[in-house]
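Q: build me a model:
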Amino acid sequence: MAMHSGGQSSHEATHAGIFYPEEPGELRDLVAKLLQASLPSASPALAILSPHACFEYTGDLSAQAWKAAEGRSIRTLVILAPYHGSTETAIWLPESSRYSGPFGSFPVDRDAVEGLSECGTHYLVNDIHHLEEHSIEVQLPFAAAICPGASLVPVLVGGCGMSLVKSLATGLRLVFGASALSTLFVVSSDLCFGTSAEDSRRESDNYQGLILSGDWEGLAASAASKRSCGAACVAALIASGLSGRARILARHDAKSARETDDDPYGEYAAIAFDRPGPRLAVQPGQEGQPR
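A: Numbering: from 1, shown residues only. I've put the predicted structure just below:
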């Protein structure tokens with residue numbers, strides 16, 4: 001829920017106890033254990049992809065992704081995440097000035113939010129969608145361990161389409177291009193789900209291949225299939241030219257998450273972006289224009 005005090009509003013955690021422990025000490029100990037078990041990265045990542053399932057299923061992968069960003073001086077944390085609640089095409093920014101929960105508290109960078117809100121008609125400032133969605137919140141316990149002093153820019157992406165991806169890519173470049181070295185971009189994304197293990201693996205292999213090759217247009221197209229949560233976010237980040245090139249840190253399936261034979265099969269991965277990226281594919285003022 002959003003709590004208001006003295007003209008300030010705080011987004012209070014709504015998924016603690018469901019996706020991750022709600023007791024602060026237990027949560028802190030679990031995150032520390034997961035990070036300690038993760039392999040260190042050869043060089044700090046410019047951006048990461050981390051899953052947004054329950055910690056019980058993908059906490060190890062999230063820890064591996066966040067571990068890859070360790071060692072950087074991070075002033076701003078930009079989390080790009082899918083909105084699961086509807087097919088409406090929009091980019092939702094928060095009204096709240098702070099995100100709080102058992103992980104601690106992060107101030108929202110209101111200047112950056114205002115800057116993004118002026119980058120096109122796709123951008124809407126509304127807390128309702130942020131209160132319903134878990135895909136940003138589940139990243140914050142790891143953020144509290146890796147970059148506790150950072151300000152937060154939470155961005156929810158709904159729907160898909162080339163125009164939306166280009167608009168988000170341009171907004172990221174305009175607002176964060178000059179401060180990219182002190183910014184960590186986090187995409188909250190699973191791989192793909194399917195009707196069988198083989199189907200899920202095949203779709204996930206394709207999704208992973210598009211990420212590794214930097215094919216943001218292919219990712220934007222794949223977002224329409226709705227089999228991968230976060231493809232539009234990855235596409236926009238790559239198209240912005242701010243992410244660097246990707247490498248897979250770890251990956252596994254969701255066998256342990258299936259409670260019945262009717263549940264979908266899924267795959268998850270931890271990905272780091274840490275080498276010079278492709279040239280910017282979308283220039284300012286060209287949102288919605290074909291290349």
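
Q: for the stretch 151-291 of the chain, just list every one of the helices.
A: 162-176, 197-213, 216-222, 231-240 (DSSP state H, counting those that start in this stretch).

Q: want to try a markdown table for those, with distance to residue 139 as columns?
A: Heads up, the C-betas are built off the backbone N, CA and C, glycines and all. Converted to a markdown table, the helices of the stretch 151-291 of the chain look like this (distance: least, CB to CB, whole Å):
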| stretch | distance to residue 139 |
| --- | --- |
| helix 162-176 | 17 |
| helix 197-213 | 18 |
| helix 216-222 | 20 |
| helix 231-240 | 12 |
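
Q: for residue 42, which of the ones you listed is the nearest?
A: Between residue 42 and the helices of the stretch 151-291 of the chain, the shortest gap by CB to CB is with helix 197-213, which sits at 17.1 Å.

Q: can you list contacts of that closest one?
A: Applying CB atoms under 8 Å, 6 or more residues apart in numbering, the external contacts of helix 197-213 come out as 49, 191-194, 218-219, 222, 227-228, 231, 234, 238, 245-248, 251, 253, 255, 264-267, 269, 271.

Q: read off the pLDDT value for the residue lying closest to residue 184 once chain neighbours are set aside.
A: Spatially, and ignoring its direct neighbours in sequence, residue 184 is nearest to residue 74 (4.6 Å; CB to CB, 6 or more residues apart in numbering). pLDDT, residue 74: 97.

Q: how close does residue 74 sit to residue 92?
A: For residue 74, the distance to residue 92 equals 23 Å [CB to CB, to the nearest Å].

Q: could you do residue 173 as well?
A: 20 Å.

Q: and for residue 167, the neighbour number?
A: 23 (other CB atoms under 10 Å).

Q: do residue 158 as well
A: For residue 158, the neighbour count with other CB under 10 Å is 21.

Q: and the residue lying closest to it once chain neighbours are set aside, how many residues sit next to it?
A: Distance criterion CB to CB, 6+ apart; nearest residue to residue 158, sequence neighbours excluded, is residue 83 at 4.2 Å. By other CB under 10 Å, 21 other residues sit near residue 83.

Q: wait, residue 83 sits on residue 91?
A: No - if you go by CB atoms under 8 Å, residue 83 and residue 91 don't touch, sitting 9.3 Å apart.

Q: what is in contact with the two at once?
A: Shared contacts of residue 83 and residue 91, defined by CB under 8 Å, 6+ apart, comprise 156, 157, 158.

Q: how close does residue 38 sit to residue 50?
A: Taken as CB to CB, the span from residue 38 to residue 50 is 12 Å.

Q: those two: who's more crowded?
A: Under the neighbour definition other CB under 10 Å, residue 38 and residue 50 were set side by side, and residue 50 has more, 31 against 21.

Q: right, and the more buried one touches residue 62 too?
A: Yes - Residue 50 is in contact with residue 62 according to CB under 8 Å; the separation is 4.5 Å.

Q: overlap of the contact sets of these two?
A: Here residue 50 and residue 62 have 139, 142, 270 as joint contacts, going by CB under 8 Å, 6+ apart.

Q: I figured residue 30 hits residue 55, correct?
A: Yes - with contact defined as CB under 8 Å, residue 30 counts as touching residue 55 (6.8 Å).
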